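>>> I need the structure of the sequence given here:
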Amino acid sequence: MADDTVQSNDTTTSGEQVSDISTYLDRAKKETGLDDFGGDDFIEPLERIIDALNREAALNPAGKFQVEMLFAKGLENRLRVENYIRENPEVLDQEIHAPIFISGLPRTGTTALHHLLNADNANHTLRLWEGNELIPPPEDATYHSDPRIEKTKQNVAMTDQFMPGFFKTHLMDAEAPDECHLLFGQNFMSVQYSAQYHIPSYANWLYQQDLTDSYAYHKRQMKVLQHKKSGRWVLKTPYHQLGLPAILANHPTAIIVQTHRAPMKIIASGCSFSKVVRTPSSHLDDDHIIGRDWMDMLQIYSRAFEKNRPGLEAKHPGQFIDIKHDEFVQNPWPDLEKVYVAAGASISDEGKVNMQTWLDENQPGKHGKHEYDIADYGIEQSEINNLFGDYIQRYQLNMG
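All right, here's what the predicted structure looks like:
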């Protein structure tokens, strides 16, 4: 859309209504026995999510339960993080040097790259089990035996029951890395909500925010999580496309990795993934809505990144890495080496062995073939050409 906004419904949809914000604040305080959220910057985002869910998402009972669990997790994690910092104020004195931010558009190979870097024990990714329950922060000595791992495994096992076909579209495991939305969930400035539910009014508001403070809170949590766990940070979410200025404002030494793929694959695969994630939680059954939401998001992400990159790259030379999906799939090692060199490091022999093991155990199609067709989502080829024409030329890609 020309003004970089997404369409919003003006009337309330029929569906389950979530409670007002005070209900969730009170529940989190009661559950944790804590009452200091460390500021109120999260209040407006959470109120906007609640309003959008009630007016636009048409939640079914399962969707209402799901979103209320997300609210509980975010608020309880925030209370516990702030309490941990009060008890351990030296946490905030720590440095974070040359963190790696994987920032490609969705469905461009970011997950495979993230998992490969996770296989190297010299790196610290945000693993699902630690991202879901931040406190106590992970420790080197118990990183592979923490009781939260087993708890998370049980939750993961239920995912395919709630979202059939999920594992064909996305890699997820308790000890595998997950996206930064697990950290943004503590201040509710997260695209996780607009990915899982049709809430365009919230998405439109979020896309237009200055994210500097949001990434500052993200960094605050990173410091907590690295307090007793060593390793170079590797973080990933397509949302980083939108947050590029905020990342480098908070992390001037950050390495920015942008993955690229033929646009047709990005769009068709992404719409199919959205359908898998959204369908179980809502009464809405319109693939064209999914198609519109996905195209709006891609447009805003890609335009923001391409607008911001030139000026920032000039100020941060050597910190931007481009990786083409198809070349990476054929032979990931040259690209992996580029990332490590940019971070001032190299891949150890142990790291190479672990990465190769991951590659051997995760061949394409391991969990079944992911089928998709853009025609199902009301997207025309001309829209893709208009949105990605310059992108294709700049990075010498095929339309796909």
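>>> wait, doesn't residue 50 sit right on residue 22?
No: applying C-beta atoms under 8 Å as the test, residue 50 and residue 22 come out as separate, 10.7 Å apart. Where C-beta positions appear, they are placed from N, C-alpha and C, glycine not excepted.
>>> average pLDDT across stretch 21-29?
Per-residue pLDDT values over stretch 21-29 give a mean of 98.
>>> which parts of that stretch are buried?
21, 24, 25, 27, 28, 29 (16 or more other C-beta atoms under 10 Å).
>>> The fourth one: which element?
In this structure, residue 27 sits in helix 21-32 according to DSSP states H and E.
>>> which helices and strands does that helix pack with?
Secondary-structure packing of helix 21-32 (3 or more C-beta pairs under 8 Å, 6 or more residues apart in numbering; DSSP states H and E): helix 43-52, helix 61-87.
>>> ok and the longest one relative to helix 43-52, angle-wise?
Here the directions of helix 61-87 and helix 43-52 differ by 170 degrees (axes from the mean of the first three to the mean of the last three C-alpha atoms, to 10 degrees).
>>> hmm, who's touching stretch 391-400?
Residues outside stretch 391-400 that contact it (C-beta atoms under 8 Å, 6 or more residues apart in numbering): 260-266, 302, 306, 322, 324, 384-385, 388.
>>> Report the mean confidence score over it.
81.
>>> That one: how far from the chain's middle?
On the basis of C-alpha atoms, centre = their mean, to the nearest Å, stretch 391-400 sits 24 Å off its chain's mean C-alpha point.
>>> pLDDT below threshold where in the stretch 151-300 of the chain?
159-172 (pLDDT under 70).
>>> Name the nearest residue to residue 211, ignoring sequence neighbours.
Of all residues not flanking residue 211 in the chain, residue 246 sits nearest, at 4.0 Å (C-beta to C-beta, 6 or more residues apart in numbering).
>>> returning to that earlier point: can you name the two of the contacts of stretch 391-400 that sit furthest apart?
322 and 385 (21.8 Å; C-beta to C-beta).
>>> The stretch 251-400 of the chain: strands as residue ranges?
255-260, 320-324 (DSSP state E, counting those that start in this stretch).
>>> Please work out which of the ones you listed is packed deepest.
strand 255-260 (a mean of 25; mean count of other C-beta atoms under 10 Å).
>>> Partner strands of that one, with direction?
strand 100-102 (parallel), strand 320-324 (parallel) (DSSP bridges).
>>> With distance to residue 148 and mean pLDDT added, can I get the ones you listed in JSON lines?
Output for the strands paired with strand 255-260, formatted as JSON lines (distance: least, C-beta to C-beta, whole Å; pLDDT from 0 to 100):
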{"stretch": "strand 100-102", "distance to residue 148": "24", "mean pLDDT": "98"}
{"stretch": "strand 320-324", "distance to residue 148": "32", "mean pLDDT": "97"}
